[in-house]
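A.B. asks: okay, sequence plus prediction incoming.
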Amino acid sequence: MGEAWFMGAKRRMFNELMTDTPDHWSPDLLQSPLYELASGPGSFGCRPEWTTWTQFFLAQLPTRIESPSWASAYECLVSAFIAHFPDERIVGPYDAFYCDVLATLGKIPMSPINWVDGRLSGKGVISSVEKTVNGPSISCGGAFSAALFLHLKYLNEHSIVDWLSSVFAIRDHIWRIKLILWLEASSLLLINSGHQPSELDFDSSDGSGWEPSWCLKGSSPSKDVDASQIEVPFISDQRRQIFREMVQTCLSIADLDALTECLVALDVQYPGIRHTRGRLSQAARAIARDYRLM
């Protein structure tokens, strides 16, 4: 495969992908090719070589993605998949294609390495409490956000309620705090129509963007390149309504208050996590208002 090139007479070809078998590929080797697969369609449309390689990566990489060093590759692969198959209403290359993607790429965050006794371990692609220059922090972006949006967009509508029930049923405090922060940080897409992942804040501390969600604009090429393109809604009205009803069913103001108290207790274990405390309080107020929680 070749890069999504803009300038220069010579186009880079990723020949290194042809010299080693997939079981020898490293996250560093895959970083550039996966970025190109995600960003290329928005600039040049879906080219056969990129679509073919995206499907090849979808088949080869899920069994390799099992540590924090693979988090970026996971996020890029999710973005590449969305860029090449932006409309979940259109049948994929074969009938069970989306089901297979969710059963492999989609299940990575639930793999055993991510969990210890029902709690996030921080040893997989989903982070736990992170060390930052401002002290300990809890992020709602990255692989966590990519995984949630992947399911919300491509899961069969009849299965969304059961899936969301399982998401909200996880009792790990860190997971639940991430979920509340994500609800507020992603409100543009979850509550309103006509918005795309490219509009999500990518700030690693506060945003719910992932790598490289900034290139996902609902069409290939994007309207920035071809004004005649029609953007495919990222989350359909029906899915957003189901999501809204599930939030109202699974969350209450008492739940939000309890999580705030949990975070106060975490300040003992992770001194300096006050920044997240402020974000959580702000998110809880916004969610209670936006979803009319009782």
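C.D. replies: Received, thanks.

A.B. asks: in this protein, what residue spans correspond to helices?
C.D. replies: Secondary structure of the chain (DSSP state H): helices at 27-44, 48-60, 71-84, 97-104, 143-154, 160-169, 173-185, 187-191, 237-250, 253-269, 274-290.

A.B. asks: and the first one, which residues are buried?
C.D. replies: When you say that, I think you mean helix 27-44. By 16 or more other CB atoms under 10 Å, the buried positions in helix 27-44 come out as 27, 30, 33-42. Using the backbone N, CA and C atoms, a C-beta is placed for each residue, glycine as well.

A.B. asks: ok, and what's touching it?
C.D. replies: For helix 27-44, contacts defined as CB atoms under 8 Å, 6 or more residues apart in numbering pick out 1-4, 6, 14, 16-17, 47, 50, 53-54, 57, 61, 69-70, 72-73, 76-77, 79-80, 83-84, 211-212, 215-217, 219-222, 224-225.

A.B. asks: swap in stretch 243-259?
C.D. replies: With CB under 8 Å, 6+ apart as the criterion, stretch 243-259 contacts 152, 160-161, 164-165, 168, 173, 176-177, 180, 183, 190-191, 235, 280, 284, 287-288, 291-294.

A.B. asks: now with 7 Å, please.
C.D. replies: Stretch 243-259 has contacts (CB atoms under 7 Å, 6 or more residues apart in numbering) with 152, 161, 164-165, 168, 173, 176-177, 180, 183, 190, 280, 284, 287-288, 291, 293-294.

A.B. asks: of the residues you listed, select the buried ones using a PyMOL command.
C.D. replies: Buried subset of these, written as a PyMOL selection, criterion 16+ other CB under 10 Å:
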select buried, resi 152+164+168+173+176+177+180+183+190+280+284+287+288+291+293
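
A.B. asks: related to what we said a few turns ago, would you format the helices of the chain as CSV with mean pLDDT and distance to Asp117 included?
C.D. replies: Listed next are those as CSV, based on pLDDT from 0 to 100; distance: least, CB to CB, whole Å:
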stretch, mean pLDDT, distance to Asp117
helix 27-44, 95, 27
helix 48-60, 96, 31
helix 71-84, 97, 22
helix 97-104, 97, 25
helix 143-154, 98, 19
helix 160-169, 97, 16
helix 173-185, 97, 13
helix 187-191, 97, 30
helix 237-250, 97, 23
helix 253-269, 90, 16
helix 274-290, 92, 23
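
A.B. asks: send me stretch 16-24 as CSV with only the CA atoms.
C.D. replies: Provided in CSV are the C-alpha atoms of stretch 16-24 (Å, rounded to 0.1, in the frame of the first residue of the first chain):
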residue,chain,number,x,y,z
GLU,A,16,8.1,-3.0,5.1
LEU,A,17,4.6,-4.5,5.4
MET,A,18,5.6,-7.0,2.7
THR,A,19,8.9,-8.1,4.3
ASP,A,20,7.7,-9.5,7.6
THR,A,21,4.7,-11.6,8.4
PRO,A,22,1.9,-9.9,10.5
ASP,A,23,3.0,-11.7,13.7
HIS,A,24,6.3,-9.8,13.5
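
A.B. asks: what is the mean pLDDT for it?
C.D. replies: Across stretch 16-24, the average pLDDT comes to 91.

A.B. asks: in that stretch, which residues are buried?
C.D. replies: Result for stretch 16-24 [16+ other CB under 10 Å]: buried residues Leu17.

A.B. asks: chain center to it: distance?
C.D. replies: 26 Å (CA atoms, centre = their mean, to the nearest Å).

A.B. asks: now stretch 256-273
C.D. replies: For stretch 256-273, the distance to the chain centre is 25 Å (CA atoms, centre = their mean).

A.B. asks: list the buried residues in that stretch.
C.D. replies: Under 16+ other CB under 10 Å, the buried positions of stretch 256-273 are 256, 259-260, 263, 266, 270, 273.

A.B. asks: send me it as PDB with only the CA atoms.
C.D. replies: Coordinates of the C-alpha atoms in stretch 256-273 are reproduced here as PDB (Å, rounded to 0.1, in the frame of the first residue of the first chain):
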ATOM      1  CA  LEU A 256     -23.700  10.500  40.000                       C
ATOM      2  CA  ASP A 257     -23.400  11.700  43.600                       C
ATOM      3  CA  ALA A 258     -22.000   8.300  44.600                       C
ATOM      4  CA  LEU A 259     -19.300   8.500  41.900                       C
ATOM      5  CA  THR A 260     -18.300  11.900  43.100                       C
ATOM      6  CA  GLU A 261     -17.800  10.500  46.600                       C
ATOM      7  CA  CYS A 262     -15.800   7.600  45.100                       C
ATOM      8  CA  LEU A 263     -13.500  10.100  43.400                       C
ATOM      9  CA  VAL A 264     -13.000  11.900  46.700                       C
ATOM     10  CA  ALA A 265     -11.900   8.600  48.200                       C
ATOM     11  CA  LEU A 266      -9.500   8.000  45.300                       C
ATOM     12  CA  ASP A 267      -7.700  11.200  46.200                       C
ATOM     13  CA  VAL A 268      -6.200   9.300  49.100                       C
ATOM     14  CA  GLN A 269      -4.800   6.600  46.800                       C
ATOM     15  CA  TYR A 270      -3.900   9.100  44.000                       C
ATOM     16  CA  PRO A 271      -3.000  12.400  45.600                       C
ATOM     17  CA  GLY A 272      -3.600  15.300  43.200                       C
ATOM     18  CA  ILE A 273      -6.500  13.800  41.300                       C
END
